[in-house]
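K.L.:
Predicted structure and sequence below. I'll ask about it afterward.
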Protein chains: 2
Amino acid sequence: MKEFEIIQRYLAFDSGNRKDVITGIGDDCALLRVPRGQRLAVSMDTLIGGVHFLADSPARDIAHKAVAVNLSDLSAAGAEPAWLTLSLSMPEFNEKWLQDFHIGLKNIVEFFGVQIVGGDTCKGPMSITIQAHGFVPENVFHRRSGAKAGDLICVTGDIGDAALGLKVAQKELELETLHAESLLRKYFTPNPRIAAGIALRGKASAVIDISDGLLADVNHISQQSGVGALIRWEKVPLSPAARQVTNEKMLQQSVLTGGDDYELCFTIDEDDFESTFHALETVGTACIPIGRLTGKPGVRVLHNKQELELESLGYQHF
Amino acid sequence: MKEFEIIQRYLAFDSGNRKDVITGIGDDCALLRVPRGQRLAVSMDTLIGGVHFLADSPARDIAHKAVAVNLSDLSAAGAEPAWLTLSLSMPEFNEKWLQDFHIGLKNIVEFFGVQIVGGDTCKGPMSITIQAHGFVPENVFHRRSGAKAGDLICVTGDIGDAALGLKVAQKELELETLHAESLLRKYFTPNPRIAAGIALRGKASAVIDISDGLLADVNHISQQSGVGALIRWEKVPLSPAARQVTNEKMLQQSVLTGGDDYELCFTIDEDDFESTFHALETVGTACIPIGRLTGKPGVRVLHNKQELELESLGYQHF
């Protein structure tokens, strides 16, 4: 099968013909219309088989995750997703795998109303690069560097499930089926917080999506804003499944340094807490304070009023 | 070295801070401004070591080529290049290689006045994915499917040099040093025809960049426009170096099916030839007719009034 046919059959869809796409997939370039008064937000991420996903994962989950992590970057920018471009490299042409990939892609693309406008396929090691494109109204955007000491640090949902799910997949953690499946789902098919990102426009002083790990991502915010951070372990929300994990060190490690959750972590002025809480409530998302930004550089975690030793959890200070 | 540092040190540049970049490299998303009255043209291409470039090529040439092939797609759309995003996967951190890559990247990026606004690096098989972003004025764009029978098929310069350069690199072809070097340069550091693409706005009935091979790319145009094509071998421009090649089959194969030249191939109504010739002349580019579109489907090549047998040159009809 020719590259062109693969792209037409497995990466392009009839549905989702957005009005802002003048020329879509199949020509040298896609030609696109950014609505007046909107800025273009773009983010590109590569996922490599065996590094960013288990190479034997179901192809539909790989497609879902590759799109989800890119949309998640848009959510952190408060952007409304519009278009995707996708480059897929595969060791061989495997029709069954591509059909399954197509299903995963179609589901998430249709769910978020985005359109794939450009694609590239080639023979090579399994890897997927996606660029997500979205819109942010002029003058309304948040970035990582606007936070200040005293701001509350909040998250939009349970932390650590994805990292624990990976441990379940790798048979390093055993739980009742119901809990195990719930964690696996969080690892394989994370959901980007698009609506929450839009709800946080103009409210959050900084927003990031939790991809590298809670501490690492809080550290990105605090470093770029020139402040420190203090997190209270007891406040970090855990799912019912995570609460079944009896190995405390594994739990702390997964929650604090695991990453891959794609919940949003954001900072707000304490006075804005109530309005932010309600704005997120209207889109069905939680707003959970887990700590505060401080004047003292570095990221610290308090557990029973004691400071946790983060190095022992595999956290590298920068 | 952390991913963030690699990106800051080797993929981001101080220079070239375009006014249309609100947030550049380093945040979750880049935030960009498309000028009023302009459409956004985007194109993504992946180059894999050992497939699209020789893995032992100088890193600066790899950087040049990865950017050039993407800008070339923009040129075929008549777009003015603005921004790049780049994802680099490397088997190991090699500072010397990265420094050299940085030099190649900086040179071509500065030459074309584009800015790298987003990046990703990871450990994995050597591969580079770039997305190029450019602007096309509203209602002025060309695509592959507007050509009609009778239109002239033209190219902007010598064809076949890149494929012959690859043969020199692989020691399958020997020529005098001067000629050999000229062909190698065409293969390793092709130059996208940006100014020519802009000059062709509103004149060409279809434009494509020659990446897959002259016949394959002419076939893309003719298929999408529902016509056929007749090319006259004697009219296809050859460089002085290519004219030194005595193996006629190797020469025909390289010129007709080799690809990687990144000259533009375009079709125009015969009545527009003179004005197109002059428009290209003002940007220092040739306008060389090599054949015509016809009503008979398929791509044919005449040599001494005889039809060439294309299968013997490795050309697969679609």
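P.N.:
Yep, that arrived. Residues are numbered from 1 along each chain as shown, chains lettered A, B, ... in the order given.
K.L.:
Contact residues of the stretch 51-200 of chain A facing chain B?
P.N.:
Contact residues (C-beta under 8 Å from any C-beta of the partner chain) of the stretch 51-200 of chain A with chain B: A:51-52, A:73-74, A:76-77, A:79, A:85-87, A:89, A:117-120, A:122-125, A:127, A:129, A:131, A:133-134, A:136, A:141, A:143-144. Quick note: C-beta positions are derived from backbone N, CA and C, even for glycine.
K.L.:
What about those residues, which are in strands?
P.N.:
A:85-87, A:89, A:117-120, A:122-123, A:127, A:129, A:131, A:133-134, A:136 (DSSP state E).
K.L.:
Quick check: the farthest pair among these?
P.N.:
The most widely separated members of these, counting by C-beta to C-beta, are A:K123 and A:V136 (36.9 Å).
K.L.:
re earlier: from the residues of the stretch 51-200 of chain A next to chain B, which would you call buried?
P.N.:
Buried members of those, scored by 16 or more other C-beta atoms under 10 Å in any protein chain shown, are A:51-52, A:73-74, A:76-77, A:79, A:85-87, A:89, A:117-120, A:122, A:124-125, A:127, A:129, A:131, A:133-134, A:136, A:141, A:143-144.
K.L.:
Export the lowest-mean-pLDDT helix or strand in chain A to CSV, keeping only CA atoms.
P.N.:
In chain A, no helix or strand scores lower on mean pLDDT, DSSP states H and E than helix A:3-6, which sits at a mean of 72. Output of helix A:3-6 as CSV, limited to C-alpha atoms (Å, rounded to 0.1, in the frame of the first residue of the first chain):
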residue,chain,number,x,y,z
GLU,A,3,1.9,6.1,1.7
PHE,A,4,-0.9,8.2,0.1
GLU,A,5,-3.4,5.4,0.4
ILE,A,6,-2.4,4.7,4.0
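K.L.:
buried sites along it?
P.N.:
Those would be A:I6, for helix A:3-6 by 16+ other C-beta under 10 Å.
K.L.:
now it, how far from the chain's geometric center?
P.N.:
Its chain's C-alpha centre and that of helix A:3-6 lie 29 Å apart, by C-alpha atoms, centre = their mean, to the nearest Å.
K.L.:
Helices along the stretch 201-318 of chain A, start to end?
P.N.:
With helices called from DSSP state H, counting those that start in this stretch, the stretch 201-318 of chain A shows them at A:214-225, A:248-257, A:273-282.
K.L.:
Who are the packing partners of the last one?
P.N.:
Just to be clear, that refers to helix A:273-282. Where contact means 3 or more C-beta pairs under 8 Å, 6 or more residues apart in numbering or on different chains; DSSP states H and E, helix A:273-282 is packed against helix A:194-199.
K.L.:
Next, find the distance separating A:L166 from chain B.
P.N.:
17 Å (C-beta to the nearest C-beta, to the nearest Å).
K.L.:
what do you get for A:V255?
P.N.:
Counting by C-beta to the nearest C-beta - A:V255 and chain B are separated by 21 Å.
K.L.:
Could you measure from the one residue sitting closest to the centre of chain A over to A:T294?
P.N.:
Central residue of chain A (C-alpha atoms, centre = their mean): A:Y262, 3.2 Å from the mean position. Distance of A:Y262 to A:T294, given as C-beta to C-beta, to the nearest Å: 26 Å.
K.L.:
With A:G26 instead?
P.N.:
In terms of C-beta to C-beta, A:G26 sits 53 Å off from A:T294.
K.L.:
ok, now A:T85?
P.N.:
41 Å.
K.L.:
Output the below-cut-off pLDDT ranges for chain A.
P.N.:
A:1-2, A:4, A:13-16, A:141-145, A:316-318 (pLDDT under 70).
K.L.:
give me that answer again for 50
P.N.:
Chain A contains no residues with pLDDT under 50.
K.L.:
domain parsing for it?
P.N.:
A:3-137, A:144-308 (automatic domain parsing).
K.L.:
So for B:K203, which of those sits nearest?
P.N.:
domain A:3-137 (17.0 Å).
K.L.:
Would you mind telling me which of the domains of chain A is nearest B:I159?
P.N.:
Comparing the domains of chain A by C-beta to C-beta, domain A:3-137 comes nearest, at 17.9 Å.
K.L.:
Could you check how far that closest one is from the centre of its chain?
P.N.:
15 Å.
K.L.:
hey, where'd the helices end up in the stretch 51-200 of chain A?
P.N.:
A:59-76, A:95-112, A:161-169, A:177-188, A:194-199.
K.L.:
closest to B:I7 out of those?
P.N.:
Nearest of the helices of the stretch 51-200 of chain A (C-beta to C-beta): helix A:59-76, 14.2 Å.
K.L.:
Mind giving me the packing neighbours of the closest one?
P.N.:
strand A:38-48, strand A:80-90, helix A:95-112, strand A:127-137, helix A:177-188, helix A:194-199, strand A:206-209.
K.L.:
Could you export the ones you listed as JSON lines, including distance to A:L313?
P.N.:
Formatted as JSON lines, those follow (distance: least, C-beta to C-beta, whole Å):
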{"stretch": "strand A:38-48", "distance to A:L313": "25"}
{"stretch": "strand A:80-90", "distance to A:L313": "34"}
{"stretch": "helix A:95-112", "distance to A:L313": "32"}
{"stretch": "strand A:127-137", "distance to A:L313": "30"}
{"stretch": "helix A:177-188", "distance to A:L313": "19"}
{"stretch": "helix A:194-199", "distance to A:L313": "27"}
{"stretch": "strand A:206-209", "distance to A:L313": "20"}
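K.L.:
Give me whichever of those is most buried.
P.N.:
Highest mean neighbour count of those: strand A:206-209, a mean of 28 (counted as mean count of other C-beta atoms under 10 Å in any protein chain shown).
K.L.:
what sits up against it?
P.N.:
Strand A:206-209 is contacted from outside by A:72-73, A:75-78, A:142-147, A:151, A:192-193, A:197, A:200, A:217-218, A:220-221, A:224-225, A:262-267, B:28, using C-beta atoms under 8 Å, 6 or more residues apart in numbering or on different chains.
K.L.:
how about 6 Å then?
P.N.:
A:72, A:76, A:142, A:144, A:146-147, A:200, A:217, A:220-221, A:262, A:264-267 (C-beta atoms under 6 Å, 6 or more residues apart in numbering or on different chains).
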